[in-house]
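Student: sequence and predicted structure, then a few things I'm wondering about:
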Amino acid sequence: MAALLRPARWLLRAGVAARLPLSLRLLAGGPGRPHAAVCQPAARAAPVAGQLLSQVRLYAIAAEKKNYLQEESTSQRRNASQFDWALMRLDNSVRRTGRIPRSLLQKVFDNTCQSGCPGSNHALLLLRSCGSLLPELKFSERTEFVHRIWDKLQKLGTVYDVSHYNALLKVYLQNEHKFSPTDFLAKMEEANIQPNRVTYQRLIAAYCNVGDIEGASKILGFMKTKDLPVTEAVFSALVTGHARAGDMENAENILTVMKEAGIEPGPDTYLALLNAYAEKGDIDHVKQTLEKVEKSDLYLMDRDLLQIIFSFSKAGYPQYVSEILDKIAYERRYIPDAMNVILLLVTEKLEDTALQVLLACPVSKEEGLSDFGSFFLRHCVTMNTPAEKLKDYCKKLKEAQMHSSPLQFTLHCALAANKADLAKALMKALKEEGFPLRTHYFWPLLVGHQKKKNVQGIVEVLKGMHEMGVNPDQETYINYVFPSFDSIKSVRAILQENGCLLESNIFSQAELKSEAVNGNLDYILSFLESNTLPFSFTSLRGSLILGFRRSMNINLWSKITELLYKDGRYCQEPPGPMEAVGYFLYNLIDSMSDSEVQAKEERLRQYFHQLKEMNIKIPENIYRGIRNLLDSYHVPELIKDVNALVEREKTDSRKTTQLTSSDLESTLEKLKAENQPIGDVLKQLILMLCSEENMQKALELKAKYESDMAVGGYAALINLCCRHDNAEDALNLKQEFDRLDPSAVLDTGKYVGLVKVLGKHGNLQDAINILKEMKEKDVLIKDTTVLSFFHILNGAALRGETETVKQLHEAIMTLGLTKPSTTISSPLVTLYLEKDDLPAALEATIECYEKYKVLPRIHDVLCKLIEKGETDLIQKAMDFVSQEQGEMTMLYDLFFAFLQTGNYKEAKKIIETPGIRARPARLQWFCERCISSNQVETLEKLVELTQKLFECDRDQLYYNLLKLYKINGDWQRADAVWNKMQEENIIPRGKTLRLLAEILRNNNQEVPFDVPELWYEDEEYSLNSSAPSVGETNFQKDLSNACQKKKSKDAYNIFLKAQKQNVVFDSGTYNNLIKLLLTKDSFTEAMQVKDCAETHIKGFTLNDAANSLLIITQVRRDYLKEALATLKMALDLKQTPSRIAVTRLIQACALKGDLEGTQAIQKMVNGLEDSIGLSNMVFINNIALAQIKNNNIDVAIENIENMLTSGNQTVETQYFGLAYLFRKVIEEQLEPALEKISIMAERLANQFAVYKPVTDLFLQLVDAGKVDDARALLQRCGAIAEQTPIFFVFCIRSSQRPGKAQTLKSLLELIPELSEKEEAYSFIMKSYVLDSDVSSAKVLYENLTAKNVKLDNLFLKRYAVLLKKAGESVPFTEPPESFEFYAKQLKELRENPL
Amino acid sequence: MCLKLKMAASAVRTVTALRTSVSRPIAFVRKIPWTAASSELREHFAQFGHIRKCTVPFDKETGFHRGMGWIQFSSEEELQNALQQDNHVIDGVKLHVQAQRPKVLQGDQTSDEDF
């Protein structure tokens, strides 16, 4: 490579003007006067951006392809997805704004660095972003940035190629960076990188930018010698070069030269010329040239004109800007381009021109529309534009009605950037314009100083506030001033010193609050004692509570409370000290957590006692609140201490002792006998009976003491009757309840219970009356209430009670008890769907839409219509949907309905409708539906059919598919998804990869990629409606963690701990734990978790995988009945149990001779065989086995023979494997059966030419070591020897299990010709190797070589390794590569035979 | 530092306390211009009724608020008054006002069985 570079060096050293072509030699005339680097194209940002992105995309695709082909390492793959992320961020920014904010580039860069070794395309992306895409940075800063990136990435191990060097060159050019092209080439040579055409072209531009025609010519000459084409870009550079060398004539001449060389000057060349004239301030030539361009068929874009503006301005001719602005056509993409030029102008300190361009922007100036120009103001602030100028700009923007509050916005920027002087100037301007200055305007400034603990700075700000007449408030002091000082005393002193402590009252109160918060109660007390100012206790309450909680000094607590209670200065206004202090106590306890109250119980008791001694009283209603709090904190022991403070003496003392119902009953009778009031005891007894669910007794009691009944008792009784489905008594009780107190209100649940029971028993009017009452009494309707309504309606719909559904629904809706929703209205449709009355169902749906704008169960209706082929009704439904909700919705409805009903062709047609695009929410809806009803095929079809769907989030769809596979534990299909995603070039998100990894791991498979870090996203939990508290999440996290890591003991312990603390998990977590415990054979523990889950989660069920494991474990423990029950339940839940679980159970039943059980299972899984993956042979084998076990040998044999000889076979004869049956019969030594089976097998072979059974039997005999029996069988039935395919399969299977060498050896002895078959001998050798049977291996090898069989490398390798291990010499050269290598070689050879 | 934390905590608590109160009539205000703080909000919303509490939490790291605030009226009716007005403008900026959706339903704490 160095050799290739040599000519370049030679070229740079020697003066080669003589070698240049004549025309160029002419041009190379004047000596290049080195120019100060003046402006060069800066604003051609957008084309650069476009180019950048399209190239980057190519790289991305290339990288992807490479990955796909190479089966690359995981880190590469991770890089690819990270690259994608970076690309997306930068791409978005460029597309939206034509630029990249510095912070974004920095972020992408930092992220790249953290990721370790960035890939080369990634590096390219970063490097290319450092040029004109960063208009907010000075040229020098951009170059600095690119160098930082360059060096850092190199250090991280990125390998640069020529594309990186070229990118760096481009950035240099865009940034007007002065550098030595010679050094640059040397640097490339050092790195062994060969420059290419682009490199030379850019180096020419670099020379031209500084007017060095000589340098440019040298390279040009070299390009000529290399026969590299000279493009327009080179000529444009030469235009600039001559111009900057001061030779405009030759610059202009280049155009002629170009034409002579056969290249027509394009817009780029003219732009170079225009910029050249602009840099000279030659407006006349600019105009002439523009006219020339206009007359030609060339076209300059607004972006080009903006660049000319920049050139004029930068060269010091702002007076011509307006003339160019006039020529702007304001194309559609103008605004982002203009914004970039404006930013660049500001960066270059040409703010006035920037404003001029800004004001010329065609933005809508209507009232109320968003402000324009903020970006300009913000950048001015960043670039330290003087305040006077900024104020002027603000004024002009406001006058032009471009920005409604430019001064305020600029102030915001100044504050955020912590530019105090500018902020001050702007605030003054605001004040002058009559705007108020608010205290919080100063907070950002204070924050700035506070971070550095800059006391002087803070004092300065406070002085500034004082100057502007703004007084700090309490918040200012507490939050922004005090924290920077050692003590508040010192603040006071320093402020006084600086003369900015006027409102001493505010300061004092801030001080008081601050001290309170710090728990400095001494100070509080002395302040309150000495204070003379009026003072609101409520304003102090919050801080005081914090103070109390931070201080342990109960005496001070009490003293302060007493002072507040008794001193005339405080709490004396209505409602008075009792209320104030009571409320304070309530708030104090409310602010503490339960654990805090528990920990401080003794102190609180002491405090209450002291208060009592001080004769402090609180009102009873507040006491009740406190009581409830303490109760909920589980510290009821404190209640009596608070109770002592209550003003009135008579309070209902709470009975804390637990009494039994019979105790209560006798007390009741005693009281009654003594003629004392019994209300309380009666109520208590009724409540207790209700909790014991003793309805009979409770009702009797009520009848007996009716006159003493209170509302509370009735309420409980009503609820009890509803629970017991006793509509009559419930209604009677309700009427009595109403008579007792017409205004009394039941709680929501009880009303719902009444509606339910009344509706169910057909008392519709009564049910509706209850609904009315709910409305009238304004009963709280919660989400769960609405759900209950739905269940009531749905239950009635399923029972087919048309009137009930209609009337109750009508009542609920007209009363407005809930807003219309598809859920609440769906029973109206269900009613007819259940009756298969499709026209009415559709009518009901449409009616719902007309009334409530919801379309309940439209999907189900459509599915049924499709199933029944009701074309007219489908048409009607579709017309309606398209008219009301649009065509797209209709198409989706139809698509889903076709999918659901298995009409995939039709579904495909629908989703391929031109113009249809992805609707993520609807797709997700259908996915979730498929997942919850375990419709694997439907979901797979959905994913397949939407592949080409516009804007479809493929990753999300695959994620859903994986979720379903996870439920089914189907790792093979999950693994296939992984491949499909690669095929489709989809970059999986982290969560998808994690899910995939989880499925593979759960099934003991290797994970072929790095699982993204951010592990365990608790997605399932976030779906829960009620967010778990912190403690729960921690348990949940720990537990999930332990489950993931397969630490069953840890997981179980966490569960026990959580159980003790009454923490409940979601069902997914329980399922995971149960699964883990079952795989570890911790059956008892697993069942305990299951019980716990069932008690806590209503309707908790194990999922498919857990149930399958449960079955396996139960079988292992010989709990066959339970296992059968589990299977039945799983199937009832529409779950798909795993193949292994079902098989194990069948085998166990059969082995027990449990024919009934075996057949029951067959019936249960009937129709599911395919989804479970169950072969029919499993049943045939096991039913026969069960029959044999029951001594029904003949029946078994007859059945099998029938199956094999009758015309309608379910299983083809070559797959009719009875090996299992034979093995079991041999193992269990069922001799008579074996004999009869043998006869059957022979008969099948001899009379029906069905050889599979006899061969299987033969092989099982060999396998069981009954070689003599096998030989005898072979002699009787010679055709066995010809069943080579069956032998192959047997050999392959046997070779995978250790200890089969003997079996295979016997097999070879019986059927010697087998050893010459390639498929057989290699597996037999494998088996010998597995069992280290050297001598047998030797015999095999010698036998084969003797017969001149050509042995493959894999065979030889195996044999060689076996010999070496045994310490013997290898009689041939051992194949050098690995096993995998030869295995692969062999496989390829077989697939593509030469 | 500790003090700062405490203050932040107390601010958060105030807000959460406001949030969790189910039945309380609270307006949630967004897009508050940076120039306005709680007193400006209070002043504006006072026209609709008595304001019990008005919070605009400030970010102690920047000294600016995040454009959000909560206003607690003393009655549902007053809240409705405020919500019914289309245009709420402070310092020339249009606010977004909506009813605070109760996040956590605390359940009906007083059961009728307590009668």
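Tutor: Cool, got the structure. It should be emphasised that the depicted structure is a prediction, and the values quoted were computed from it without experimental measurement. Numbering: from 1, shown residues only, chains lettered A, B, ... in the order given.
Student: so where's the stretch 501-650 of chain A uncertain?
Tutor: For the stretch 501-650 of chain A, residues meeting the criterion pLDDT under 70 lie at A:502-503, A:534-536, A:571-574, A:636, A:648-650.
Student: now do the closest residue to chain B within it against residue A:482, distance only.
Tutor: Relative to chain B, the nearest point of the stretch 501-650 of chain A is residue A:517 (5.5 Å; C-beta to the nearest C-beta). For every residue, glycine as well, the C-beta is placed using N, CA and C. Using C-beta to C-beta, to the nearest Å, one obtains 10 Å as the distance from residue A:517 to residue A:482.
Student: the more surrounded of the two?
Tutor: Higher neighbour count among residue A:517 and residue A:482: residue A:482, with 26 against 23, using other C-beta atoms under 10 Å in any protein chain shown.
Student: show me what contacts the closest residue to that one other than its chain neighbours?
Tutor: Nearest residue to residue A:482, sequence neighbours excluded (C-beta to C-beta, 6 or more residues apart in numbering or on different chains): residue A:514, at 5.4 Å. Contact partners of residue A:514, counting by C-beta atoms under 8 Å, 6 or more residues apart in numbering or on different chains, are A:477-478, A:482, A:488, A:543, B:3.
Student: mind doing that once more with 10 Å?
Tutor: A:474, A:477-479, A:481-483, A:488, A:491, A:520, A:523, A:543, A:547, B:3, B:6-7 (C-beta atoms under 10 Å, 6 or more residues apart in numbering or on different chains).
Student: which of these are buried, as a PyMOL select command?
Tutor: Buried members of the contacts of residue A:514, identified by 16 or more other C-beta atoms under 10 Å in any protein chain shown, are gathered into one PyMOL selection as follows:
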select buried, (chain A and resi 474+477+478+479+481+482+483+488+491+520+523+543+547) or (chain B and resi 6+7)
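Student: closest to residue A:567 among the contacts of residue A:514?
Tutor: Residue A:567 lies nearest to residue A:523 out of these, by C-beta to C-beta, at 16.8 Å.
Student: need the contact list for that closest one.
Tutor: A:488, A:511-512, A:514-516, A:547.
Student: again with residue A:962
Tutor: Residue A:962 neighbours (C-beta under 10 Å, 6+ apart): A:970, A:973-974, A:977-978, A:981, A:988, A:991-996, A:998-999.
Student: and residue A:560, by the same measure?
Tutor: Here residue A:560 is in contact with A:516, A:521, A:524-525, A:528-529, A:544, A:547-548, A:551, A:553 (criterion: C-beta under 10 Å, 6+ apart).
Student: let me know the pLDDT of whatever residue of the stretch 1051-1200 of chain A ends up closest to chain B.
Tutor: Going by C-beta to the nearest C-beta, chain B is nearest to residue A:1064 of the stretch 1051-1200 of chain A, at 16.4 Å. Listed pLDDT for residue A:1064 reads 77.
Student: cool, residue A:932 as well?
Tutor: 83.
Student: look at the residue of chain B at minimum distance from chain A and give its secondary structure.
Tutor: Relative to chain A, the nearest point of chain B is residue B:63 (3.4 Å; C-beta to the nearest C-beta). Under DSSP: H, G, I helix; E, B strand; the rest coil, residue B:63 falls in the coil class.
Student: show me what from the stretch 751-900 of chain A comes close to chain B.
Tutor: A:779-780, A:782-784 (C-beta under 10 Å from any C-beta of the partner chain).
Student: can you pick the most crowded of those residues?
Tutor: residue A:779 (21 neighbours).
Student: list the contacts of it.
Tutor: A:745-748, A:750-752, A:770-771, A:773, A:785, A:817, B:108.
Student: mind doing that once more with 7 Å?
Tutor: A:745, A:748, A:751 (C-beta atoms under 7 Å, 6 or more residues apart in numbering or on different chains).
Student: quick one: classify the first one as helix, strand or coil.
Tutor: Assigned with three-state DSSP, residue A:745 falls in the coil class.
Student: what's the following helix or strand after the worst-scoring helix or strand of chain B on mean pLDDT?
Tutor: Among the helices and strands of chain B, helix B:2-20 carries the lowest confidence by mean pLDDT, DSSP states H and E, at a mean of 44. Using DSSP states H and E, the helix or strand that follows helix B:2-20 towards the C-terminus is strand B:26-30.
Student: in ChimeraX, how would I select just the buried ones from the contacts of residue A:962?
Tutor: The buried residues among the contacts of residue A:962 can be selected in ChimeraX (16+ other C-beta under 10 Å) with this line:
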select /A:970,974,977,978,981,988,991,992,993,994,995,996,998,999
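Student: okay, who's weakest in the contacts of residue A:962 by pLDDT?
Tutor: Within these, lowest confidence goes to residue A:988 (64).
Student: how many other residues sit next to the closest residue to residue A:596 other than its chain neighbours?
Tutor: Distances taken as C-beta to C-beta, 6+ apart place residue A:549 nearest to residue A:596, at 7.4 Å, with adjacent residues excluded. By other C-beta under 10 Å, the residues close to residue A:549 number 17.
Student: can you list contacts of the strand or helix carrying residue A:549?
Tutor: Using DSSP H and E, residue A:549 sits in helix A:537-550. Helix A:537-550 has contacts (C-beta under 7 Å, 6+ apart) with A:512-513, A:516-519, A:521, A:524, A:557, A:564, A:570-571, A:580, A:584, A:587-588, A:591-592, B:6, B:10.
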